[in-house]
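Colleague: everything below, folded, please.
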Amino acid sequence: MKIRKAIEKDMTSVLELIKELAIFEKEPDAVVVTVDDLVRDGFSENPLFQCFVAEVNNEIIGMALYYYRYSTWKGKTIHLEDLIVKESKRGTGAGFALYKEIIKQGKAENVRRIEWNVLDWNTSAIDFYEKSGAKVLNDWRVVHMDEAGINRFLIED
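Modeller: The predicted structure follows:
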């Protein structure tokens with residue numbers, strides 16, 4: 001298995017993994033991003049994200065997509081948006097290898113925090129994260145406004 005930085009031609013496989021994650025998270029119709037979006041947003045002059053892929057025999061079996069954020073308390077941080085391994089390839093160590101690569105990237109970039117979200121029903125992931133030394137915060141709530149909410153807010157303003 002090889003863990004490497006993603007390149008433009010990997011985005012078709014990355015999108016397939018994103019769609020597989022959406023199915024796992026019970027939101028199969030939620031993905032609207034396209035390969036063109038991923039290429040534009042990840043490989044422009046000022047990329048919005050970076051990505052590692054796990055590859056076996058020239059097949060991408062997993063990915064970890066992340067971007068940098070800034071905390072007013074901590075400074076530079078990494079947000080791990082998604083880490084996914086093909087269902088048929090789980091248990092191969094690919095997820096752990098990608099997770100470790102993200103942590104190594106954070107150390108190399110001197111970030112003071114790496115953060116991500118996990119669904120409360122994904123107990124196997126929560127157990128893994130806690131055993132790895134991560135803290136699952138129960139007193140914070142994720143807040144987001146979707147596209148419909150943005151439009152409604154601006155119309156009502």
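Colleague: only C-alpha atoms for contact and neighbour calcs from this point on.
Modeller: Noted.
Colleague: show me where this structure has helices.
Modeller: Using DSSP state H, the helices of the chain run over residues 11-24, 35-43, 94-108, 123-131, 147-156.
Colleague: next, the buried residues of the first one.
Modeller: Put plainly, it is helix 11-24. Within helix 11-24, the residues that count as buried by 16 or more other Cα atoms under 10 Å are 11-15, 17-21.
Colleague: related to what we said a few turns ago, so which of the helices of the chain gets nearest Ala54?
Modeller: If you check each of these against Ala54 by Cα to Cα, helix 94-108 wins as the nearest, at 6.3 Å.
Colleague: distance between the closest one and the chain's centre?
Modeller: When C-alpha coordinates are averaged (Cα atoms, centre = their mean, to the nearest Å), helix 94-108 and its chain have centres 12 Å apart.
Colleague: likewise for stretch 121-138?
Modeller: For stretch 121-138, the distance to the chain centre is 16 Å (Cα atoms, centre = their mean).
Colleague: and the helices of the chain: which comes nearest Ala64?
Modeller: Of the helices of the chain, nearest to Ala64 by Cα to Cα is helix 94-108, at 6.2 Å.
Colleague: for the longest strand belonging to the chain, buried residues please.
Modeller: Criterion DSSP state E: the longest strand present in the chain is strand 59-71. Neighbour counts over strand 59-71 (16+ other Cα under 10 Å) mark 60-66, 68 as buried.
Colleague: who does that strand pair up with?
Modeller: strand 50-56 (antiparallel), strand 75-85 (antiparallel) (DSSP bridges).
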